[in-house]
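Asker: sequence unknown, structure follows:
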């Protein structure tokens, strides 16, 4: 098997692609031949040693994987060789194959390519958890999404639109704003030339928006906070800009605003059953055509460092994916009825 290996914390350029022996398959395990591995912002932080959790060295980055079942353990039931599947592996996803407990698999909906399947889970699960579970959004309200051209922001645009919200997307390029509009944003704001606070208030009728979804941080955060109306909710997702904002508490107080933190990953680890229900809800929405993850930008496995750097530098519209085979080999879905996996 081929893997992307991190032998020491530091620059992404230190990653290497190596060949290692395949991992044996246990009686309850399956071997998945990886057709696509999602590239996420957090992966670059892991490699550089900048994340709050530092895995033992050496390690293989990557969490989200899509592929096909290649081998089954003796006690595995309900799966068959050739099944298209999705799995979160924690670490180890940047590889040509992974071995996991069969109960962790989800069947890939036929509406998704393997590239989409490998890149939707972290961003869409975060957006669904944030908007429906943490913020309790209500139909007809106004949602302002920062960083709306990236994978996490774009998922919020899509999920927010499906929830009946009026979505305003903030992004820095024409291409990112176009993709956000394609996924349901009613209005877009050019973050490089427009005043986010003033424009968001104008677009939402003058009083301000009801929710802010912020995966970016930095100077835009305070502008967005000030764009909230009475009882508005500021949803903290992350800090892709690299700057943790210092939100002025008086702006939270003045209009009875609220600040809500979202850490889907930690919640999912503590609540695996509830997280599976959340995953089923997201997959069902995809199956009904209510939400549609963007097709990612593909990179060969050998270009993992470049893919991660492009993600960190926010040069990618939507998401990026590593393809262990040829880049052109990401399969398109077949037109069949959707099918969903089950975890006991």
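Answerer: All right, it came through fine. Note that the structure is predicted; figures quoted are calculated from it, not measured.

Asker: quick one, helices of the stretch 201-344 of the chain?
Answerer: 220-226, 249-254, 264-270, 272-287, 304-312 (DSSP state H, counting those that start in this stretch).

Asker: nearest to residue 124, out of these?
Answerer: Residue 124 lies closest to helix 272-287 among these, at 5.3 Å (C-beta to C-beta). Heads up, the C-betas are built off the backbone N, CA and C, glycines and all.

Asker: what mean pLDDT does that closest one get?
Answerer: On average, the pLDDT along helix 272-287 is 92.

Asker: do the same with stretch 226-244
Answerer: pLDDT averaged over stretch 226-244 gives 94.

Asker: if you count neighbours, what's buried in it?
Answerer: Buried residues in stretch 226-244, counted by 16 or more other C-beta atoms under 10 Å: 226-229, 232-241.

Asker: how about stretch 306-313?
Answerer: Residues of stretch 306-313 classed as buried: 307, 308, 310, 311, 312 (neighbour count, 16+ other C-beta under 10 Å).

Asker: for residue 136, state which of these is nearest.
Answerer: Here the nearest of the buried residues of stretch 306-313 to residue 136, counting by C-beta to C-beta, is residue 311; it sits at 30.2 Å.

Asker: what's near enough to touch that closest one?
Answerer: Residues in contact with residue 311 (C-beta atoms under 8 Å, 6 or more residues apart in numbering) are 39, 40, 41, 43, 44, 320.

Asker: try 10 Å this time
Answerer: Taking C-beta atoms under 10 Å, 6 or more residues apart in numbering, we find residue 311 in contact with 39-44, 150-151, 240, 297, 299, 319-320.

Asker: I'd like those residues laid out as JSON lines, including distance to residue 165.
Answerer: Listed next are the contacts of residue 311 as JSON lines, based on distance: C-beta to C-beta, whole Å:
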{"residue": "39", "distance to residue 165": "28"}
{"residue": "40", "distance to residue 165": "25"}
{"residue": "41", "distance to residue 165": "24"}
{"residue": "42", "distance to residue 165": "26"}
{"residue": "43", "distance to residue 165": "30"}
{"residue": "44", "distance to residue 165": "30"}
{"residue": "150", "distance to residue 165": "19"}
{"residue": "151", "distance to residue 165": "19"}
{"residue": "240", "distance to residue 165": "22"}
{"residue": "297", "distance to residue 165": "27"}
{"residue": "299", "distance to residue 165": "33"}
{"residue": "319", "distance to residue 165": "22"}
{"residue": "320", "distance to residue 165": "27"}
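
Asker: coming back round to it: okay, and which of the buried residues of stretch 226-244 map to strands?
Answerer: Applying DSSP state E to the buried residues of stretch 226-244, the entries found in strands are 228, 229, 232, 233, 234, 235, 236.
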